[in-house]
Structure formats: structure tokens, C-alpha cells
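1. here is my input; please provide its structure:
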Amino acid sequence: MEITMLRRRAFAAGAAVLAAGTLALAGQTGIASAGQAGSAVPAAEQLSPGLLDAMSRDLGLDAGEARTRIADESRAAAVASALEKSLGADFAGARLSEGSAVLTVATTDRADIARITAAGARAEVVRHSLDRLDAAKAALDAVASKKAPKDVPSWYVDVRTNRLVVNAARTAAADGFVAAAGIPRGLVRVGLSSEQPRAYADLRGGDAYYMNGTGRCSIGFPVRRGTQNGFVTAGHCGTPGVTTTGANQQAQGSFQGSTFPGRDYAWVATNANWTPRALVNGYGNGDVTVAGSTQAVVGSSVCRSGSTTGWHCGTIQQHNSSVTYPEGTISGVTRTSVCAEPGDSGGSFISGSQAQGVTSGGSGNCSQGGTTYYQPVNPALAAYGLTLVTSGTPTDPPTDPTDPPSEPGGTWAAGTTYAAGAVVTYGGASYRCLQGHQAQPGWQPPNVPALWQRV
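-> Here you go, the predicted model:
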């Protein structure tokens, strides 16, 4: 396996098929009671047959088990988000147990145990806070931004082990990388790895598009910027000014912004012939509706749609990972057990009905399995002032994010996960949530009528 950025040339490619996986639900917890305002539990009708079929093939779940798991994972995400705010600097991460709905929330203070268990989660007391581990990882990222480390394919904060994990072909390479960042060795666990990740490069999520007629990538998610339609995709697929054609080989648009390496996101503005839909291509099994962009918890199921291999599913292994490609280091990506191949780059990652990110790269393939990284979608939206097109998006799109008022007041807060129907106050007025989402800076209720209605 070679760690290279691969652009799929413009020729037809069939979808590989994986044998059915063996993951199954192992139990339930009290998190089912946590579906208060702020959660985003997808309705059963929002789960397409294509998504359910892919979860059956790759995770070994029947339709009922898949629906139950997605609902539990959505509730877990809401509980984890609330506890992260409540615990503050003590928070040390959240995760779902492998193949089950058991939510564990870690803290550095034993006094937090009662608060965590009262929320319906399992409490774990650990040594290092998530803030401390994230700061250590940021130090590694700073070193890598100057020169990509040799023989160190990836590094990430692992909330399961409460350590910063550095995967390397040689222990000496990892030790040198850690020493250059000035990180205490006690924060780090070195893993020997033969991974050789590369970028998968070759208006509906997962559809193919072509760059200047010479390579192929996949659409992540349709978006809007003011009245301009477009889509987010991987940054390594093109630079500003590169023109695109759609899967039908008709003129489509051009790259407006692109970041790679460092991050791996971009957005393409499309012409008036293309209408954005809140859908991800199900490749013959029914399209999947996108209802929001709430980040799923580590351990959650996640599925990917791409123009080379179609639908494949797996689980989220770590958030905020870093990976080294030949072109440089990419930080802030999420590591998964989902397979992918060249041409899938930029394609949609979705958990239930919630958009997660766009395919970046990885190692392996869909015949033998592999590791794939995705660029989370919310940072891409924030970077370019974009609004995700969802099932609740009205004809008039939200305005671009703006700076918040100096004294807004009220209960609305950026970073909070809101469910459809939740009511908040802002600037002396009350607003009802129209579609489930995770609030971003600048998305105050008066600014985004697609998300909030004054009551």
C-alpha cells in the first residue's frame, strides 16, 4: 500500500462488495431517557433502505437493530455534548462501547461521577483531561505543519485509553516526533503501524464529479452560501478556479475555496442548472435524507457514499486525528473502520440522518478492508460561511454567518445540539428549532430562518 494522493481517471468503476460484518448490539443503557430538547433522534422514516442495507452488510444489523442503534447513538451524542459543557475542564472524552449503546463519559475529577451517572452514562475517572491531550496533539500538529514526519502515518487522541496515540513504522520515528514537539512521553502511546494512507482522489452527496476533465472525486454534501448553491468536498480534489463537470459530464461549477494540506476541505459553487438536494446517493438502494450535522460519538456507526465503491459502513474510531500523506499532514480528521478507494474522495460520511464529513484518504480497499479518514463537515461549513442543505431547509436559505451582537442574551449557545421543536431565547425573543443541528458561531436564531422560527 502506498501513501499517495490518487486521482481516479475518468473511467467507469464498479462498486466493491464486502461480506457481512459481525458487529451486533450488545446492550442498552439509560441514555434512552435523555432525549430532551437538544437531542437529535432521527425519525424512522428518515432512514433509507440503502442505509439500512449497508449497515446490515457491514455491521451485521437487521433493520430493527439498525434503527435502535442510530436512535441510541443520537441520544448519546446529546448526553455527551451536555456533559462536556457541564464538566468543563474535567471532561476527558466520551465513547460508545464496541458494538453496543453503552455510553462512557470520562472525567479527571471523581466528584463528577454522580453527575455523569445521573445523566444516564457510565462514569470513568482518568488522569488526563481532553483539553490537555488536545493541546499535546496540537503541538505535534505544529511540528508537522513545518515538515511532515517521516514514517509516522497518523496520530490522534484516543479517549478509550486516555492517551495521545502516535502510529509509526519505527518506534524511533515516533520518539523523535514527540521529542520535537516537547510533549511529556507519559501522555503518549506509540503504536507500530504499516498503514500507508493516501488521499482518495481519482447535487447529491456521493455523486461523481470531474475536475478539469482529468480526474474524478465525489460530492460531500450540498450547501448554500447566501443565494449561491454548491457542495463541500475534499480539498485535495481541486484548487480555486478548477472547473467541474457533473456525473452527466455537463458543466457544473468551479472550486471557490480549498485547503490542503493542513485540512482537507473545499467548496464548489455550481451554476443555475444544478439544484441542491438534502440527499446522499444510495447507489440503487434508495437515497438517504440529510437532516442535520450533529457530530456522532466515538464508537458510533457511520456510513460512506462514494462514486467508486458506493455504500460502506463501519464505526468511528477517533475524532481529531492527524494523518500524513506525501503532500503533507492533515489534522482534525476522524478515523474510521470504513473502507474506501480512489475516486471516493470528497464523498459523504453520514451517521443515521446526520452529516458527519467528507472522505479524505486512508489505507486498504473495499476488497480487504481498511482505515479511512474523513474531514468533519462542520469546520468546513464554518471556514467558508456555508449552510448545509437539509430536509428542513426552506426555499429562502439562511444568510451567511455574521459576528454575534455584543450583548445577545438568552439561552441559545453555539456548540449546543438542538432538536426540531426545541425552544430557546435570544435577544429578548423566543425561537423554535425547525431542524435538528449543532449550532455554529454566527448561526444566531435571527440570522438563520432555515433553522429557527420566532414564536
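2. tell me, how many residues neighbour G427?
-> Look at G427: counted by other Cβ atoms under 10 Å, it has 14 neighbours. For the C-beta atoms, the positions are set from N, CA and C on the backbone; glycine is no exception.
3. could you name the helices and strands sitting against the helix or strand of the chain with the lowest mean pLDDT?
-> Least confident helix or strand of the chain, by mean pLDDT, DSSP states H and E, is strand 437-438 with a mean of 73. On a contact count with 3 or more Cβ pairs under 8 Å, 6 or more residues apart in numbering; DSSP states H and E, strand 437-438 meets strand 417-418.
4. average pLDDT for the strand it packs on?
-> On average, the pLDDT along strand 417-418 is 82.
5. still on that earlier bit, residues in contact with the least confident helix or strand of the chain: which ones?
-> Under the contact criterion Cβ atoms under 8 Å, 6 or more residues apart in numbering, strand 437-438 has outside partners 40, 81, 292-295, 378, 388, 390, 415-418, 443, 451.
6. next SSE after it?
-> strand 452-454 (DSSP states H and E).
7. what helix or strand is I70 on?
-> According to DSSP H and E, I70 maps onto helix 63-87.
8. actually S331, not the one I typed
-> strand 328-336.
9. for the helix or strand that that strand is followed by, which residues meet the burial criterion?
-> Where DSSP H and E defines the elements, the next helix or strand beyond strand 328-336 is strand 348-351. Going by neighbour count (16 or more other Cβ atoms under 10 Å), the buried part of strand 348-351 is S348, F349, I350, S351.
10. partner strands of strand 348-351, with direction?
-> Paired strands of strand 348-351, with direction, are strand 301-306 (antiparallel), strand 354-365 (antiparallel) (DSSP bridges).
11. strands paired with the helix or strand just after the first one, and their directions?
-> When you say that, I think you mean strand 301-306. Next helix or strand after strand 301-306 toward the C-terminus (DSSP H and E): strand 310-325. Counting by DSSP bridges, the strands paired with strand 310-325 are strand 154-158 (antiparallel), strand 301-306 (antiparallel), strand 328-336 (antiparallel).
12. just name the most buried of the ones you listed.
-> Ranked by mean neighbour count under mean count of other Cβ atoms under 10 Å, these are led by strand 301-306, which reaches a mean of 30.
13. output it as PDB, nothing but the C-alphas.
-> Output of strand 301-306 as PDB, limited to C-alpha atoms (Å, rounded to 0.1, in the frame of the first residue of the first chain):
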ATOM      1  CA  SER A 301     -21.900   3.600  13.400                       C
ATOM      2  CA  VAL A 302     -21.100   5.600  10.300                       C
ATOM      3  CA  CYS A 303     -21.600   5.000   6.600                       C
ATOM      4  CA  ARG A 304     -19.900   6.400   3.500                       C
ATOM      5  CA  SER A 305     -21.200   7.000  -0.100                       C
ATOM      6  CA  GLY A 306     -18.700   7.400  -2.900                       C
END
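14. average pLDDT for stretch 152-170?
-> Across stretch 152-170, the average pLDDT comes to 96.
15. which positions in it come out as buried?
-> Buried-residue list, stretch 152-170, by 16+ other Cβ under 10 Å: 152-160, 162-169.
16. strands - which of those residues land there?
-> Counting by DSSP state E, those place S154, W155, Y156, V157, D158, R163, L164, V165, V166, N167, A168 in strands.
17. separation between the second one and K147?
-> Distance from W155 to K147, counting by Cβ to Cβ, to the nearest Å: 15 Å.
18. now the strands paired with strand 348-351 in TSV, with mean pLDDT and distance to L96?
-> Listed next are the strands paired with strand 348-351 as TSV, based on pLDDT from 0 to 100; distance: least, Cβ to Cβ, whole Å:
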stretch	mean pLDDT	distance to L96
strand 301-306	95	9
strand 354-365	96	14
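19. tell me which of those lies nearest to D344.
-> For D344, the closest of the strands paired with strand 348-351 is strand 301-306, at 2.9 Å, according to Cβ to Cβ.
20. thinking again about what came up before, and the helix or strand following the helix holding I70, what other elements does it pack with?
-> Note on helix 63-87: by DSSP H and E, the next helix or strand toward the C-terminus is strand 91-96. Counting contacts by 3+ Cβ pairs under 8 Å, 6+ apart, strand 91-96 is packed against helix 63-87, strand 103-107, helix 130-146.
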